[in-house]
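S.K.: sequence? don't have it. structure:
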């Protein structure tokens, strides 16, 4: 009986010391990184490079200008690439005299998810510049536009992005 009481005493003492120790520890607050975004001049340079194939290797079979509508769309809307790839014609809706793009789904690892990253449905108003871009994409045809979610070699854009990310993270063999 005496041994049980002594064991309980030790456990209680240990617990009290641990609680006091935990209360004296202060964890540093995490500093949020400032949001970084491109300046308007930088966006113009990037879009210009895509449209004119400025950085396209001469030996490449594919032109960067193919992705101009996709990159232009991302710069105008500011949505996540995974949300842009999940868009379908039914997501562009007119409400009164305004047109909106509804973001309510996204792609992740090649799978269409029924929600966005934040699980929120967002309506984005379409201005004249965006309306002109969407008209061009529809005229070119869904199959040929990068907004359809395919690379020039018919690989899903989500898959291509994942392989590029993996290559960047892989250790160098040099």
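M.R.: That came through, no problem. As the structure is a prediction and not an experimental result, all values here were calculated from the model. Numbering: from 1, shown residues only.

S.K.: by contact count, what packs against the longest strand along the chain?
M.R.: The longest strand of the chain (DSSP state E) is strand 98-103. On a contact count with 3 or more Cβ pairs under 8 Å, 6 or more residues apart in numbering; DSSP states H and E, strand 98-103 meets strand 92-95, strand 122-125. All C-beta spots, glycine's among them, are computed from the backbone N, C-alpha and C.

S.K.: redo that, cut-off 10 Å
M.R.: Applying 3 or more Cβ pairs under 10 Å, 6 or more residues apart in numbering; DSSP states H and E, we find strand 98-103 packed against helix 68-77, helix 81-85, strand 92-95, strand 122-125, helix 128-140.

S.K.: quick one, which of these is nearest to residue 12?
M.R.: Closest to residue 12 of the helices and strands packed on strand 98-103, according to Cβ to Cβ: helix 81-85, at 52.6 Å.

S.K.: Flag the shaky bits of the chain, pLDDT-wise.
M.R.: Counting by pLDDT under 70, the chain contains low-confidence ranges at 1-4, 22-23, 25, 138-174.

S.K.: From the centroid of it, which residue is nearest?
M.R.: Residue closest to the average C-alpha location in the chain (Cα atoms, centre = their mean): residue 80, at 3.6 Å.

S.K.: Residue 21 belongs to a strand?
M.R.: No. Counting by DSSP: H, G, I helix; E, B strand; the rest coil, residue 21 falls outside a strand, being helix.

S.K.: Could I get the buried residue list for the longest strand of the chain?
M.R.: Across strand 98-103, burial judged by 16 or more other Cβ atoms under 10 Å covers 99-103.
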